[in-house]
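K.L.:
show me the folded form of this:
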Amino acid sequence: MDYASSILGLLPTGRRSIGVTQLLNKLESYLPPAQVDRVRDAYEFGAAAHEGQKRLSGEPYIAHPVAVAQILADLHLDAPTIMAALLHDVIEDTPTAKDEIAERFGADVAELVDGVSKLDHIQFRSRAEAQAESFRKMLLAMVRDIRVIMVKLADRTHNMRTLGAVPPAKRRMVARETLEIYAPIANRLGIHSIKSELEELGFKALYPGRYRIIEKAIKKARGNQKQFIGKIAQNLRDALEKANIQGRVEGREKHLYSVYQKMRRKRAPLTSIVDVFGFRIVVDSVDTCYRVLGIVHGLYRPMPGRFKDYIAIPRINGYQSLHTTLFGPNGMPIEVQIRTEEMHRVAESGIAAHWQYK
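P.N.:
Prediction:
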């Protein structure tokens, strides 16, 4: 029996939630057993506090905090943040007081839970971009600990995943708020994995027709160019191997919302944006990044004015990579990102990387 299973054996059968086994197994992969025990205590406490409560979907309420904790566990966040995720609604939705959480789990966890509860009282109503920016700044300024925002972003992500149970009018309001407030905050903090998911889910909920049109166009383009994409990826791998460079070449999925934004910003037809294919090359060092840049520029002709060095001059959220666009077979544009493993970790996790358990 593994450690997570032995923990579950200690829980009353009625309080075991679908997903908690997966969460505990994930935590076991990077947290010491004593800290996993603390998370288990928080889960048991939260399950008891939410006993009998249901979500709009009809599932037990505790499934939501578990899902929020799983999102943060995927980012390898520390134990207090995972515990706060499991308890983030107990002050708001149960008779539990902050002092009780502090006494049971410590002041750190109690402050995080209280911070998330306070954010829940703020309502965003304006569609004006200037006011949306002010609201984002206010949210970030309100929190003493950035982990509060991380829990809130994970909370919003799971709420967006389960938005189908929400009435249509509220669904549109939540989707707009997600696109205008929460996705930009995730971007500002450099948490690309959450930012991208929030954008995709928000776009699909707010503009389902436009989402389907772009989705269909991308699938068609990918199908038509499948052999070209495979050939380019293999050419890149062969070039690295020939230069004795250890690295991996990955195809980059095109996010529908970013395609939509480019269409609006550039006033360009859908085909001109969809027919651009992206690759990512991840290597071991900064020096190797620049070596690989020279190799890919020798393999395919670079487009003038399309090179960006975010290693020398990182973005404000800490993002680093080399970006270049090349003329591929038949003149097909190829976007290539080159980065180290550490840059890739920060690109996906952003500021969350500073709170990851190491």
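K.L.:
can we go C-alpha only for contacts and neighbour counts from here?
P.N.:
OK.
K.L.:
distance of residue 105 relative to residue 237?
P.N.:
Residue 105 sits 50 Å away from residue 237 when distances are taken as C-alpha to C-alpha, to the nearest Å.
K.L.:
ah, wrong one, I meant residue 133
P.N.:
Per C-alpha to C-alpha, residue 133 is found 42 Å from residue 237.
K.L.:
got it, and residue 171?
P.N.:
44 Å.
K.L.:
does residue 311 belong to a helix, a strand or coil?
P.N.:
Secondary structure, DSSP: H, G, I helix; E, B strand; the rest coil: residue 311 is coil.
K.L.:
which pLDDT does the model give it?
P.N.:
At residue 311, the model reports a pLDDT of 98.
K.L.:
so for stretch 344-358, mean pLDDT?
P.N.:
Regarding stretch 344-358, the rounded mean pLDDT is 77.
K.L.:
who's more crowded, residue 133 and residue 237?
P.N.:
Remark: of residue 133 and residue 237, residue 237 carries more neighbours, 18 against 15, as counted by other C-alpha atoms under 10 Å.
K.L.:
need the contact list for that one.
P.N.:
The contact partners of residue 237, taken as C-alpha atoms under 8 Å, 6 or more residues apart in numbering, are 248-249.
K.L.:
where does the prediction get shaky in this structure?
P.N.:
Judged by pLDDT under 70, the chain has its weakly predicted residues at 1-18, 123-131, 224, 274-275, 354-358.
K.L.:
strands along that one, start to end?
P.N.:
With DSSP state E as the criterion, the chain has strands at 248-252, 277-283, 301-302, 308-309, 322-327, 333-340.
K.L.:
mean neighbour count for those - can I get that in CSV?
P.N.:
Output for those, formatted as CSV (neighbours: other C-alpha atoms under 10 Å):
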stretch, mean neighbour count
strand 248-252, 15
strand 277-283, 21
strand 301-302, 16
strand 308-309, 14
strand 322-327, 20
strand 333-340, 22
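K.L.:
just give me the neighbour total for residue 38.
P.N.:
There are 16 residues near residue 38, going by other C-alpha under 10 Å.
K.L.:
try residue 235
P.N.:
Neighbours of residue 235 under the rule other C-alpha under 10 Å: 14.
K.L.:
could you list the domains of this structure?
P.N.:
As given by automatic domain parsing, the domain ranges for the chain are 3-209, 217-348.
K.L.:
so of those domains, which one's packed in deepest?
P.N.:
Of all the domains of the chain, domain 3-209 carries the top mean neighbour count, a mean of 18, counting by mean count of other C-alpha atoms under 10 Å.
K.L.:
quick check: closest non-adjacent residue to the residue with the shortest distance to the centre of the chain.
P.N.:
The structure's the chain has its C-alpha centroid closest to residue 194; by C-alpha atoms, centre = their mean the separation is 1.8 Å. Nearest residue to residue 194, sequence neighbours excluded (C-alpha to C-alpha, 6 or more residues apart in numbering): residue 186, at 6.5 Å.
K.L.:
how close does the one you found get to residue 197?
P.N.:
In this view, residue 186 and residue 197 are 10 Å apart by C-alpha to C-alpha.
K.L.:
try residue 286
P.N.:
Applying C-alpha to C-alpha to residue 286 and residue 197 gives a distance of 29 Å.
K.L.:
ditto for residue 313
P.N.:
Counting by C-alpha to C-alpha, the gap from residue 313 to residue 197 is 26 Å.
K.L.:
got JSON lines for the strands of the chain, with distance to residue 24 too?
P.N.:
Output for these, formatted as JSON lines (distance: least, C-alpha to C-alpha, whole Å):
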{"stretch": "strand 248-252", "distance to residue 24": "30"}
{"stretch": "strand 277-283", "distance to residue 24": "30"}
{"stretch": "strand 301-302", "distance to residue 24": "47"}
{"stretch": "strand 308-309", "distance to residue 24": "40"}
{"stretch": "strand 322-327", "distance to residue 24": "37"}
{"stretch": "strand 333-340", "distance to residue 24": "30"}
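K.L.:
and the ones you listed: which comes nearest residue 33?
P.N.:
Residue 33 lies closest to strand 333-340 among those, at 31.0 Å (C-alpha to C-alpha).
K.L.:
now do that closest one against strand 322-327, angle only.
P.N.:
Angle of strand 333-340 versus strand 322-327, following axes from the mean of the first three to the mean of the last three C-alpha atoms, to 10 degrees, is 150 degrees.
K.L.:
and the closest residue to residue 39 other than its chain neighbours, what does it touch?
P.N.:
Setting aside the residues directly before and after it, residue 39 is nearest to residue 83 in space (C-alpha to C-alpha, 6+ apart), at 5.4 Å. When contacts are counted by C-alpha under 8 Å, 6+ apart, residue 83 touches 38-39, 42-43, 69, 109.
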